[in-house]
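Student: Provided below for reference: sequence and predicted model.
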Amino acid sequence: MSFYIGVMSGTSLDGLDIALIEHTTRPLLVDTLYLPLPADLREALLQLCSSGMDELARAAVAEQQWVKLAAQGVAMLLEQAKRAPSDIRAIGSHGQTVRHEPQRGFSIQIGNPALLAELTGITVVADFRRRDVAAGGQGAPLVPAFHEALFSDHATCRAVLNVGGFSNLTLLSPERPVAGFDCGPGNVLLDGWIKRHRNQDYDDNGNWAASGTVHAGLLQALLGDPFFSTHGPKSTGRELFNLPWLDDHLSALQTEISPADVQATLLELTARSVTEALILAQPETRELLVCGGGARNGQLMKRLGELLPGCSTTSTDEHGLPGDWIEAMAFAWLAHCLLEGIPTSRPSVTGASGERLLGAIYPA
């Protein structure tokens with residue numbers, strides 16, 4: 001019996017998800033804690049996602065702020081769970097992705113694991129993506145191996161959909177090795193658009209999108225991006241899908257579209273990019289399990305169900321695992337696997353040249 005902590009900070013840049021798991025024969029969720037990112041840190045991290053002045057120094061300062069917040073969260077979680085640092089075998093820290101360009105041979109997550117080990121007194125496992133990229137892979141998505149451990153079924157074709165800032169699919173078939181890939185934008189454009197027009201961080205339950213009407217011309221233009229016509233392995237990020245990308249498409253249409261109609265179209269983009277990719281990659285899918293923030297968007301869940309009439313679409317909550325904590329749990333599990341010498345790179349997902357041990361160890 002071993003305890004691990006997973007720290008996940010995703011492309012939505014909303015906050016840190018911190019999960020405590022117990023690993024016996026399989027990972028069990030013990031306790032959780034969420035810490036929102038301070039506005040100034042969120043803005044600093046967002047600016048690092050594109051080129052700018054004095055990037056190295058700004059990245060180093062933001063990284064220290066991120067680590068101090070993560071260490072504070074770990075301490076709070078341990079107090080909440082009535083555990084001591086000595087009870088925890090390792091922290092699996094994803095860090096914060098600021099650039100993801102595997103086609104150029106790199107994926108950068110900042111998070112200074114050495115400092116995190118110093119501040120917490122716990123061994124840290126981090127830098128999970130770089131070895132996969134070095135082996136010719138995309139370095140993402142990494143969670144399909146964890147989805148496989150939790151949700152594989154020997155009788156049914158399943159898919160697991162994670163909708164964070166971006167959406168990714170895991171394909172689980174009794175006949176084939178696990179597969180998976182990024183589908184495109186999840187919440188990133190929806191969140192950015194509502195922030196611009198309503199100064200809200202997200203569209204609660206998809207209500208604003210539901211008040212609008214999908215604009216067919218805009219949807220067709222967005223889905224025309226070459227990313228959607230490529231097959232996995234593939235991954236993406238803010239480098240491609242961002243508000244300037246959307247603005248360029250809106251300008252090219254040369255017609256006025258109401259903000260609510262744009263939001264409706266963006267939700268349809270997320271739903272269509274997922275379902276069309278799933279139907280193409282695994283048409284025999286009978287169950288779609290959804291996790292991440294998008295699982296709480298009722299309008300998105302409704303559209304996924306409508307677009308997949310022969311498939312049951314449910315949240316992972318209904319299978320006993322809260323969708324908000326799957327990714328944080330995954331990085332705790334990835335730490336366990338590295339310490340046990342278990343490869344977690346999946347060539348059928350990332351395109352790496354073979355299975356690899358993922359992560360680097362920073363002893364307490």
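Tutor: That came through fine.
Student: so where do the strands sit in this protein?
Tutor: Secondary structure of the chain (DSSP state E): strands at 2-9, 15-23, 27-36, 88-101, 106-110, 124-126, 158-163, 166-173, 176-185, 287-291, 312-315, 360-362.
Student: can you add mean neighbour count, distance to residue 351 and mean pLDDT and give the ones you listed back as CSV?
Tutor: (Each C-beta comes from the backbone N, C-alpha and C, glycine too.) Below are the strands of the chain laid out as CSV (neighbours: other CB atoms under 10 Å; distance: least, CB to CB, whole Å; pLDDT from 0 to 100):
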stretch, mean neighbour count, distance to residue 351, mean pLDDT
strand 2-9, 26, 23, 96
strand 15-23, 23, 27, 96
strand 27-36, 17, 26, 96
strand 88-101, 24, 14, 96
strand 106-110, 19, 13, 94
strand 124-126, 29, 22, 98
strand 158-163, 27, 19, 96
strand 166-173, 25, 14, 96
strand 176-185, 22, 9, 94
strand 287-291, 24, 23, 97
strand 312-315, 17, 28, 96
strand 360-362, 17, 21, 98
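Student: any chance of these in JSON lines, plus distance to residue 146?
Tutor: JSON lines is the format used below for the strands of the chain (distance: least, CB to CB, whole Å):
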{"stretch": "strand 2-9", "distance to residue 146": "10"}
{"stretch": "strand 15-23", "distance to residue 146": "11"}
{"stretch": "strand 27-36", "distance to residue 146": "8"}
{"stretch": "strand 88-101", "distance to residue 146": "11"}
{"stretch": "strand 106-110", "distance to residue 146": "17"}
{"stretch": "strand 124-126", "distance to residue 146": "14"}
{"stretch": "strand 158-163", "distance to residue 146": "9"}
{"stretch": "strand 166-173", "distance to residue 146": "9"}
{"stretch": "strand 176-185", "distance to residue 146": "10"}
{"stretch": "strand 287-291", "distance to residue 146": "11"}
{"stretch": "strand 312-315", "distance to residue 146": "17"}
{"stretch": "strand 360-362", "distance to residue 146": "19"}
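Student: of those, which is nearest residue 218?
Tutor: Residue 218 lies closest, by CB to CB, to one member of the strands of the chain: strand 176-185, at 13.8 Å.
Student: which strands and helices sit next to that closest one?
Tutor: The contact analysis (3 or more CB pairs under 8 Å, 6 or more residues apart in numbering; DSSP states H and E) places strand 176-185 against helix 144-151, strand 166-173, helix 259-281, helix 347-350.
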